[in-house]
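Undergrad: predicted structure and sequence below. I'll ask about it afterward.
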Amino acid sequence: MSDDIPSLGNPDRAQALRRELDELLTRDLDDDELVDQLRQRLDQWGGESRLHVWAPDLYRRDRDRFRASILEYLESDDASPVPLVPDSTQKERLEQWLRELESDGELELFRALYPRTLHERGKKRTECIESDLLERYREADDRREREQVLQMFDVSFGITAETALELYTTDPDASRDFILRHLGRNSVRGAHDYDDAPQWEELREKAQSHEDEELYFELYRRQVPFRQWKIDVQRVVRKTFNPEEMPRKLERRHPIRPLGEEGLGSFFAGIVRKQREAVLPYVSRHLDELKGTGEYEKFFEEANIRSPNTARDQESWKLWAELLLIRYANDEYDRRRRWRSNNRSYNNEIQRVVDRDADSREATLEALQVLADKLTQSGSLRDFELLDETAIAIYELSPSLLHGPFRAQLSVNASGNGASMLERALDADDRELIDELASQIMLFQPEESESDLPDELVDPLISRYTSLLDEPQTFTQRATRVLGRIDDRDIQEEWHPGDSNPLAGLFFERAEELYIDDPASIRDLLEAESSHVRGLAYRILGRDEPEARRLADQHLNLLRACLLARLPEHVRRWGFDALLNAAHDEDNAAAILQQARRALQMPDEHYPKDDLSMLVGRLLQRWPSLRRKAEQPTVYEWMPT
Amino acid sequence: MIPVERQYASPSSIRVDEAETTLGLTANQRRPVRFRALVEDHVFHLREALQTLGELVWSGETRDWREELDLEPDRIVLDPVITVHPDRVFFEAFSQDQSAYGMVVAPRDLFDEEGEVRCGTTNVDFTAWLAEALGDMRSTRQTYFHVGPEGFEVETNEGTHHVEEKVNVPEDWVRGFLQLQGAMSMPGTAIEVDPVDLLGVIRFLDQNKAHTSPRSLRYEFEPGEDARVALEPWDKRISFQDAHHHYGEPKETRVWGRQRLQLVERLLPYAESVEIYLKGRALPSFYAVHLPGDITFLLGLSGWTGNGWTETASFDLLTARRGDDGLVSLARSHLADRFEMTVDEMAEALERDTRQAASVLSRLCRLGLAVYDVRARAYRHRELFEEPIDEDAFYPKDPREEQAESMLDDDEVTIERDEIRDTTKTKQTPEGDTREVVYEDRVIQGRAGSQSEVEVVLNDEGRIIYGECQCSFFQENILNKGPCAHMLALFEHSLS
């Protein structure tokens, strides 16, 4: 132990602290200053171990003045628990102070200090607290006094059945909330220290006869045997006629301990089949509890998701779609870890419905439309990708489904998914789908070998789009639609269009001349959501040629956004070039300059301010009349002395 | 829960080909509003505003608060509403987590209308997919904008997929929606700022993560200087260039909920100006982003998420909460006829004073029957639900109201002074000149319950703008959580 830290019970140190305390109190300090000073000294002296010295003295000196500070200290993290082996002086002084607090009616201070006077642990600690509590509770004359006693002992401990029963029997209204707050592990069936079953049951019966639903159901959830719970749930499901009440009724009966019981998957599936959507919110909230037990899979097998044989109406399909989402989309952890397998299962489910209902196109359409509704309403559309065979199955059933919500699930990848769908779309000359797939294929960035870019995806598209080059306007209309579908979120950080993807090369480089001849396409590119596509427009408008300058002037209102929008650095530089082209007269230059100066002041660490300064400089060089006073060049002439 | 019937003839859709785009928003069949038009200009800016609204609806939700409210996971709370008025079309939505409110306002002269227009308010099917698909809209294509109950099939040979279901909307959520809108009509400070400066705030917050409290925006108004904002906890100050204010004395207003300002980031590079409306410390703040074509995106930030909002927002106690139901009904009918009315116009129509007119209009907002236009300072007719809400069930009495009522019942409230007090304030004009403005405030002093020195000051619209009391509630909260029971009792007594 260091010399600076007083050892426990060192009387000299205690005396020294008391002297300092006396000296502090005689100084003309306001309350906050005094408490600050005291805290500093407590830190030096090993704070908590001196609690018995300073706190009672401070309290006795002026309890009104120091109550809040002492309380704050006792309830703060600074106040560490009292040592296991207490010093006798310390114990005595604190116990004496505790008695004082009780007789002064200082309930809050008593509650804060009381746990610090206990040196027992575990069961013994509980016995001690309950003994002190019951002694006073029994002596209390009326409800107000009983409430005060409960307030004093509202410290952390798990109440025993015996004590809870006595408190509740004496005064149910005064003790209900206290008991609820102190129900611990020992009140949960199956816990190692759950050994008072008959008394807990008696308490539950008393709560029921007192119409105390809150306590009754809290105890029920802790103690009901699974078998009884299942019977009760079935009764609720059978007898609840208002579906809105169902989740609440089931929730308040739901056991607090983990489920995992054999047969629960079938049990949940059974109640879902009986009451469908009315019980789904409840079931979906608790399905996680079945994970890892085999019951989870059993639930979905038996709840009809695997074979919706009876599904013919919209309601049945809603249930099917809902279960599909619960199973494959709702679990954040599973979504990442098991995405590939979940996605395969999702596709299988759609396939199964399409195959099963091959004879009833109407029913299949209804099922997929309901699924599309659920996916769009829940924002889960992008959680899945359609495999080729599924996409084609949907397309053959109804092209509009694939043009609509399921379009977001169309997917191509380096292993060739999407090739068959593309072939199908090309055969049907379905421009909507061809353009959608092209916008995805364009983002492929082969890294090591050419084989990363599947020929069966790229070649047919190159061939289709280059065949349009003879009709420039048709080409640019299609090209801007393809480019308009690019989503920056799907772009890898180091994507350079055209570097090694010939399709991107066609749209981003080879076609530049065509865009500049079609002003509408330039506007389309400027209005695109992708910053890379807007970058293409900036690059074209920044070319050193009259048509580029004319178009830059025409689109200045959209072009100016490149000063402020979030853009990759190289795209912003292209934007600056285009702005220089747009500044062909003083008015345009002044408008650009005004916004550029403002952008210079923007606190954006990632903004290429050097390039922006360059833009400002070039504008001022070209339009000297726009220079501010401080921006006029100063020419120093050498004067011979 | 409030049951809302969703009945759509088909899902909303967007159809795009080389020459045309048609945005078909399916209206709830139970509330058949009709509007079909060609968008004549500013398609791009309209698209950006609508996509921002989509982001507001579909972002920021957390599963935790849904579980708290006992909602199904992953389910939109209430479809956005669209209102067609003779001079404008506006869309409104409230985020799932109650942190943000959005309104897109587009003037009718932006559209070349086709056929009959049926004004009114309806819910529209507006899914996440649709919000994303709006990205296909381009000003180079003819863009048609259709709102109607009949539905829009993309390819008609598939038959109609009818959507019909009942959703339960949590009262807390709707109360949050209405209270936030109600806050728009509160007096406060308005400043016009350059979009670049607001963008600076957003970028700074994005690039610097606050690890300690407070995480507020502290707006500062120094006489003779442009308004500015301090970003806490760094105390980073950003000046709003040329943002004039009228304060003759230094003033600060702190607001919360700043992270959701990011919602308007995509609009700011194209914006002409931004107006910021502050309603007071810890109260909601509003940002009106003005885009070309007179399109406005209004963002309201509550400063709280989930239940926090409705628990804390008892500032609606600042106005008279009950009143003559007949008068409310008459006001509703006037507003429905004229679509938009100022307080003065309503006072004239009702043949009542402005205080009563303001009070009845506030009540219409509380009931979801009207919405306040912060820019025009007028109220607009907009019925959020098909059936009016049950006010008593929906707005249970605040315990302070009950205490106030009990003081009134026990005859424990006495008014000792009730007079009009002229308050002269020095204001600065944008040109830098100073001028004096005289406010006629009504000062009421008296006793209520155990408190002998209670004071409330009402503005000319009968709203409590200041007050004092010696009780612990007031000493602890000032007016941050609305007036104390004693102030309410004195206020209610003054109305009788």
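TA: Sure, I can see it.
Undergrad: residues near the nearest residue to A:Glu147 once chain neighbours are set aside, how many?
TA: Nearest residue to A:Glu147 in three dimensions, chain neighbours excluded: A:Ala174, at 5.1 Å (C-beta to C-beta, 6 or more residues apart in numbering or on different chains). For every residue, glycine as well, the C-beta is placed using N, CA and C. Neighbourhood size, A:Ala174 [other C-beta atoms under 10 Å in any protein chain shown]: 21.
Undergrad: helix or strand: which one has A:Ala174?
TA: Assigned by DSSP states H and E, A:Ala174 falls within helix A:172-182.
Undergrad: next: A:Val155.
TA: Assessed by DSSP H and E, A:Val155 sits outside every helix and strand.
Undergrad: and the nearest residue in space to it that is not next to it in sequence, helix, strand or coil?
TA: The shortest distance from A:Val155 to any non-neighbouring residue, by C-beta to C-beta, 6+ apart, is to A:Pro115 (5.0 Å). Here A:Pro115 is recorded as helix under DSSP: H, G, I helix; E, B strand; the rest coil.
Undergrad: A:Pro115 touches A:Phe153, doesn't it?
TA: No. Between A:Pro115 and A:Phe153 there is no contact under C-beta atoms under 8 Å: 9.8 Å.
Undergrad: neighbour count: the two, which is higher?
TA: A side-by-side neighbour count of A:Pro115 and A:Phe153, using other C-beta under 10 Å, places A:Phe153 first with 20 against 16.
Undergrad: and the pLDDT at the nearest residue to that one once chain neighbours are set aside?
TA: Distance criterion C-beta to C-beta, 6+ apart; nearest residue to A:Phe153, sequence neighbours excluded, is A:Leu133 at 4.3 Å. pLDDT for A:Leu133: 94.
Undergrad: how many neighbours does A:Leu133 have?
TA: Neighbour count of A:Leu133, defined by other C-beta under 10 Å: 22.
Undergrad: kindly report the same for A:Val155.
TA: Neighbour number of A:Val155 under other C-beta under 10 Å is 15.
Undergrad: show me the contacts for it.
TA: A:111, A:114-115, A:129 (C-beta atoms under 8 Å, 6 or more residues apart in numbering or on different chains).
Undergrad: quick one, phi psi at it?
TA: The phi and psi values for A:Val155, taken as degrees, to the nearest 10, are phi -110, psi 170.
Undergrad: and it, how far is that from chain B?
TA: Distance of A:Val155 to chain B, given as C-beta to the nearest C-beta, to the nearest Å: 26 Å.
Undergrad: which one of the contacts of A:Val155 is nearest B:Phe35?
TA: Set against B:Phe35, the nearest of those by C-beta to C-beta is A:Arg111 (64.1 Å).
Undergrad: can you give the domain ranges for chain A?
TA: Domains of chain A are assigned by automatic domain parsing as A:1-116, A:316-410, A:511-631.
Undergrad: what's the end-to-end length of the last one?
TA: The reference is to domain A:511-631. End-to-end distance of domain A:511-631 (C-alpha to C-alpha, to the nearest Å): 41 Å.
Undergrad: mind listing what's buried along stretch A:156-175?
TA: Buried residues in stretch A:156-175, counted by 16 or more other C-beta atoms under 10 Å in any protein chain shown: A:157, A:159-161, A:163-168, A:171-172, A:174-175.
Undergrad: what about the helices in chain B?
TA: B:43-58, B:63-68, B:128-133, B:171-184, B:195-207, B:307-312, B:325-338, B:343-350, B:354-366, B:391-394, B:399-409, B:472-477, B:485-495 (DSSP state H).
Undergrad: okay, those helices in CSV with distance to chain A, mean neighbour count and mean pLDDT next?
TA: Output for these, formatted as CSV (distance: least, C-beta to the nearest C-beta, whole Å; neighbours: other C-beta atoms under 10 Å in any protein chain shown; pLDDT from 0 to 100):
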stretch, distance to chain A, mean neighbour count, mean pLDDT
helix B:43-58, 5, 23, 92
helix B:63-68, 7, 14, 42
helix B:128-133, 4, 22, 77
helix B:171-184, 13, 23, 81
helix B:195-207, 4, 20, 95
helix B:307-312, 17, 18, 44
helix B:325-338, 29, 16, 93
helix B:343-350, 37, 18, 95
helix B:354-366, 25, 24, 89
helix B:391-394, 15, 12, 76
helix B:399-409, 18, 17, 89
helix B:472-477, 14, 13, 79
helix B:485-495, 23, 24, 89
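Undergrad: okay, the ones you listed in JSON lines with distance to A:Asp553 next?
TA: Listed next are these as JSON lines, based on distance: least, C-beta to C-beta, whole Å:
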{"stretch": "helix B:43-58", "distance to A:Asp553": "18"}
{"stretch": "helix B:63-68", "distance to A:Asp553": "50"}
{"stretch": "helix B:128-133", "distance to A:Asp553": "32"}
{"stretch": "helix B:171-184", "distance to A:Asp553": "41"}
{"stretch": "helix B:195-207", "distance to A:Asp553": "22"}
{"stretch": "helix B:307-312", "distance to A:Asp553": "48"}
{"stretch": "helix B:325-338", "distance to A:Asp553": "45"}
{"stretch": "helix B:343-350", "distance to A:Asp553": "46"}
{"stretch": "helix B:354-366", "distance to A:Asp553": "47"}
{"stretch": "helix B:391-394", "distance to A:Asp553": "56"}
{"stretch": "helix B:399-409", "distance to A:Asp553": "63"}
{"stretch": "helix B:472-477", "distance to A:Asp553": "58"}
{"stretch": "helix B:485-495", "distance to A:Asp553": "61"}
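Undergrad: which stretch among the ones you listed comes nearest A:Ala565?
TA: helix B:195-207 (9.2 Å).
Undergrad: chain B versus A:Arg27, what's the distance?
TA: 29 Å.
Undergrad: mind saving the C-alpha coords of the helix holding A:Ala174 as CSV?
TA: Taking Å, rounded to 0.1, in the frame of the first residue of the first chain, the C-alpha atoms of helix A:172-182 are listed here in CSV:
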residue,chain,number,x,y,z
PRO,A,172,-51.7,-5.6,-1.6
ASP,A,173,-51.9,-2.0,-2.9
ALA,A,174,-48.9,-0.7,-1.1
SER,A,175,-46.7,-3.6,-1.9
ARG,A,176,-47.6,-4.6,-5.5
ASP,A,177,-45.1,-2.4,-7.3
PHE,A,178,-42.3,-3.2,-4.8
ILE,A,179,-42.8,-6.9,-5.4
LEU,A,180,-42.9,-6.5,-9.1
ARG,A,181,-39.6,-4.5,-9.0
HIS,A,182,-37.9,-7.2,-6.9
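Undergrad: helix or strand next in line after it, which one?
TA: Once the chain leaves helix A:172-182, the next helix or strand it forms, by DSSP H and E, is helix A:197-209.
Undergrad: by how many degrees do that following helix and helix A:172-182 diverge?
TA: Angle, helix A:197-209 to helix A:172-182, by axes from the mean of the first three to the mean of the last three C-alpha atoms, to 10 degrees: 130 degrees.
Undergrad: and A:Val571, what helix or strand is that in?
TA: Using DSSP H and E, A:Val571 falls in helix A:569-582.
Undergrad: buried residues in that helix, which are they?
TA: For helix A:569-582, the neighbour count (16+ other C-beta under 10 Å) marks A:571-582 as buried.
Undergrad: need the domains of chain A in JSON lines with mean pLDDT, can you?
TA: Shown next, in JSON lines, are these (pLDDT from 0 to 100):
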{"stretch": "domain A:1-116", "mean pLDDT": "71"}
{"stretch": "domain A:316-410", "mean pLDDT": "82"}
{"stretch": "domain A:511-631", "mean pLDDT": "95"}
